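In: Got a predicted structure here, sequence first:
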Amino acid sequence: MTGHTIHTNEAVHTYGPFPPASRPSEPVGIGLRYPHYQEVLETDLELGWLEVHPENYFGGGAHRHFLSEARKTYNLSLHAVGLSLGSDEPVSEEHLRGFKELIDIYQPFNVSDHASWSASGNAHLNDLLPMPYTQESLDKLARNIETTQEYFGRTILVENPSTYLAFEGNEMHEDEFMNRIAEMTGCGILLDLNNIYVQAHNHGYDAWSYIDTIDARHVGEMHLAGHIEQDADDGVILIDTHSRPVKGDVWDLYAHAVRKFGVAPTLIEWDTDIPDLKTLVGEADKARAIIADIGAESLAHAAE
Amino acid sequence: MQLNEFQERFKALMLDNPKALDTPPEELAQFCKADSITLPTRLKVYRNNIVGSLTDMLKTTFPTIEALVGEQFFEMLARSFILQHPPSKGVLSHYGDGMDAFIKEFELAKSLPYLPDIATYEIAKNHSYHAADDLPLTTEQLAAVPIEDLDTLHIGLRAYVFLVASKYPLTAIEEFCKNKKTDETLNLDQGGESLMVFRSSLDTKTDILAKDEFEFLRQLSEGASLGEATETVLSHHPDFNIQAVLQKHLALETFRAL
């Protein structure tokens, strides 16, 4: 394979300009994924917004065409998986640069990544790996979030991860860890209800009390996804696969969260065994119905 | 245990051989909690996520390799590649680079000598798909260059253009795998191919080029001027028709704007 020894990056097609970011008036969105690119552009969908992983659009390429077309109709949330905010080492400047370019072009209303790590030394392990919940972890995570927020010139949201492993040395529980990181850095919390449910089961914690601990002022977005149950040893471990419809218990947890925090932009995530668009939008409809029910409920309370 | 040490140890275990997870090192085991779900089970979830997601990515990039060797063999090949060459950064669009060299050294794949070239071809398609957008050289732009400057003019190729030459019929193998019928065989001795991978209508495409045409584009991509490239090609292919080749590739928008 040869070519591009003298390649320069000038004369790039410019996409946009797109309308400035605004908080979506319709609260529920879906992930924009490759199998649905064409259909999303051709269908009139009752959706408030779309989410993508910025890493799939770094540097240009054919994907960007579809994102640009979709952005003309929908608000956008850029949800990263590659910053590795929880690494002992600093955030990669190359990654920040690629990400910032997309923020400048696409004007997302939310920008986020996770309270987890992937990179250690020369390897990036492509999973959201668990951090011990200690003061040292808080300090390192806060340093990386602050670097990111300074580079972007805006606050970001940080998502609670699904975890399968907990640590003897934990100095606090995850809910408190999330509150404290938000207080230390000014970042918001991206509350993933499915992740809360999964980690609560895997570590014997109460998912509802997790919600009750989270400070409402920090919640900037919510995520919903499907998980699987896997028989293991003398029990069952839940795995966050994003490959199934949202489970009933997780919908209940979502309703609890909406009652406590109010309506936040809510994403249906589905990343493997991706269904047809209709099924995915059907999940978004369920979230909208829950929001509508709770709205009616609170009005009824107000009238009492 | 400090965060740094934990992450180093966890990473090393994830990239160790699969059996290592059954007996995690003592320091790590003491640092982690386990109950009715044992530590190896918990660690294996992460291991499966890492290897599984990267394997899926490699399957997307190397569909022909997978069709040729079968799913099971491909997954073994992918696992070896992943453990020896984990991604080095958080953007994975080029993950799988180096698979051609890796296959060349992979003992179990040596009976299929065309595999490395197929990998090179599929890497080129992947790069082409993700290449930055740039602007094409137009006929007007070229016409505006004074005739006396044409000889020394440097013309580059679009970022999404990649040239791949092989002594094996790569696109014939690819087509054969796509329309796999068990009662057909493919003649591997039908001769090699000189290929140009590029993007058209937002997807990658492949054209089989004539040898002189391929050599001309290769010369240009390596920095030769128009005059130098033409001279080199003519010395091996006296029938080379530069006019026709320039016209064809201006129409295909193969060249990058000046």
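Out: Received the coordinates, thanks. Residues are numbered from 1 along each chain as shown, chains lettered A, B, ... in the order given.
In: what residue is smack in the middle of the chain?
Out: Since no chain was named, I'll use chain A. residue A:79 (5.0 Å; C-alpha atoms, centre = their mean).
In: switch to chain B, that's the one I care about
Out: Closest-to-mean residue, chain B, C-alpha atoms, centre = their mean: residue B:123 / 0.7 Å.
In: Contacts only, for residue B:220.
Out: By C-beta atoms under 8 Å, 6 or more residues apart in numbering or on different chains, the contact list for residue B:220 reads B:154-157, B:226, B:229, B:255. Every C-beta, even on glycine, is put in place using the N, C-alpha and C of the backbone.
In: most surrounded residue in those residues?
Out: residue B:157 (25 neighbours; other C-beta atoms under 10 Å in any protein chain shown).
In: What separation is there between the residue lying closest to that residue once chain neighbours are set aside and residue B:236?
Out: Distances taken as C-beta to C-beta, 6 or more residues apart in numbering or on different chains put residue B:221 closest to residue B:157, at 4.9 Å, once the chain neighbours are dropped. Computed as C-beta to C-beta, to the nearest Å, the residue B:221 to residue B:236 distance reads 17 Å.
In: Tell me where the stretch 51-200 of chain B has strands.
Out: Counting by DSSP state E, counting those that start in this stretch, the stretch 51-200 of chain B has strands at residues B:162-166, B:193-200.
In: These into JSON lines, with extra columns for mean neighbour count, mean pLDDT and distance to residue B:6?
Out: Output for those, formatted as JSON lines (neighbours: other C-beta atoms under 10 Å in any protein chain shown; pLDDT from 0 to 100; distance: least, C-beta to C-beta, whole Å):
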{"stretch": "strand B:162-166", "mean neighbour count": "22", "mean pLDDT": "98", "distance to residue B:6": "42"}
{"stretch": "strand B:193-200", "mean neighbour count": "21", "mean pLDDT": "97", "distance to residue B:6": "43"}
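In: of these, which approaches chain A most closely?
Out: strand B:162-166 (5.2 Å; C-beta to the nearest C-beta).
In: Low-confidence stretches in chain A?
Out: Applying pLDDT under 70 to chain A picks out residues A:1-14, A:298-304.
In: so what are the domain limits for chain B?
Out: B:1-130, B:132-258 (automatic domain parsing).
In: Can you tell me which of those is most buried?
Out: Mean neighbour count (mean count of other C-beta atoms under 10 Å in any protein chain shown) peaks for domain B:1-130 among the domains of chain B, with a mean of 18.
In: in chain A, which spans are strands?
Out: A:28-31, A:49-52, A:75-79, A:110-114, A:117-120, A:123-129, A:157-159, A:188-192, A:219-225, A:228-232, A:235-239, A:266-269 (DSSP state E).
In: quick one on the thing from earlier: run through the residues that contact the residue nearest to the centre of chain A.
Out: A:51-54, A:110, A:112-113, A:159, A:190, A:267.
In: beta partners for it?
Out: Under DSSP bridges, the beta-bridge partners of residue A:79 are residue A:112.
In: so what's residue B:182 scoring on pLDDT?
Out: pLDDT recorded at residue B:182 is 64.
In: Turn the contacts of residue B:220 into CSV, including pLDDT and distance to residue A:127.
Out: Formatted as CSV, the contacts of residue B:220 follow (pLDDT from 0 to 100; distance: C-beta to C-beta, whole Å):
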residue, pLDDT, distance to residue A:127
B:154, 97, 45
B:155, 97, 44
B:156, 97, 39
B:157, 98, 37
B:226, 97, 50
B:229, 98, 47
B:255, 98, 42
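In: Mark which of those residues are part of helices, please.
Out: B:226, B:229 (DSSP state H).
In: Just give me the longest helix of the chain.
Out: Since no chain was named, I'll use chain A. Under DSSP H, chain A gives helix A:277-303 as its longest helix.
In: Can you look at chain B instead?
Out: helix B:39-61.
In: and that helix, what does it pack onto?
Out: Judged by 3 or more C-beta pairs under 8 Å, 6 or more residues apart in numbering or on different chains; DSSP states H and E, helix B:39-61 is in contact with strand A:123-129, strand A:235-239, helix B:3-14, helix B:71-84, helix B:115-130.
In: how far off helix B:115-130 does that helix point, in degrees?
Out: Angle, helix B:39-61 to helix B:115-130, by axes from the mean of the first three to the mean of the last three C-alpha atoms, to 10 degrees: 80 degrees.
In: who's in contact with helix B:39-61?
Out: Residues contacting helix B:39-61 (C-beta under 8 Å, 6+ apart): A:125-127, A:129, A:164-165, A:202, A:232-233, A:237, A:239, A:272, B:13-14, B:18, B:21-24, B:29, B:32, B:34, B:66, B:74-75, B:78-79, B:81-83, B:86-87, B:92, B:95-96, B:99, B:122-123, B:126.
In: What of stretch B:119-126?
Out: By C-beta under 8 Å, 6+ apart, stretch B:119-126 touches A:1, B:61-65, B:93-94, B:96-97, B:99-100, B:103, B:162, B:164, B:166, B:170, B:174, B:195, B:197, B:204, B:206.
In: on that earlier part again, ok, which pair from the contacts of residue B:220 is furthest apart?
Out: B:157 and B:226 (13.1 Å; C-beta to C-beta).
In: I'd like the distance between residue B:8 and chain A.
Out: 6 Å (C-beta to the nearest C-beta, to the nearest Å).
In: Please name the spatially closest residue to that residue (chain neighbours excluded).
Out: residue A:120 is the one closest to residue B:8 (C-beta to C-beta, 6+ apart), at 5.9 Å.
In: near chain B, which residues of the stretch 151-300 of chain A?
Out: Proximity of the stretch 151-300 of chain A to chain B, by C-beta under 8 Å from any C-beta of the partner chain, involves residues A:164-169, A:202-204, A:232-235, A:237, A:239, A:272.
In: What count of nearby residues applies to the residue nearest to residue A:286 when sequence neighbours are not counted?
Out: Nearest non-adjacent residue to residue A:286, counting by C-beta to C-beta, 6+ apart: residue A:251, 6.8 Å away. A count of neighbours around residue A:251, defined by other C-beta under 10 Å, yields 18.
In: how close does residue A:251 get to chain B?
Out: Counting by C-beta to the nearest C-beta, the gap from residue A:251 to chain B is 24 Å.
In: hmm, back to that, what's the separation between the residue nearest to residue B:157 and residue B:164?
Out: On the measure of C-beta to C-beta, residue B:221 and residue B:164 end up 12 Å apart.
In: same question, residue B:256
Out: Residue B:256 is 19 Å from residue B:164, where distance means C-beta to C-beta.
In: Next: residue A:173.
Out: To residue B:164, residue A:173 is 54 Å away according to C-beta to C-beta.
In: repeat for residue B:39
Out: For residue B:39, the distance to residue B:164 equals 47 Å [C-beta to C-beta].
In: do the same with residue B:108
Out: Counting by C-beta to C-beta, the gap from residue B:108 to residue B:164 is 24 Å.
In: can you check residue B:28 too?
Out: As judged by C-beta to C-beta, residue B:28 and residue B:164 stand 44 Å apart.
In: can you check residue A:122 too?
Out: For residue A:122, the distance to residue B:164 - C-beta to C-beta - is 29 Å.
In: now residue A:92
Out: 31 Å.
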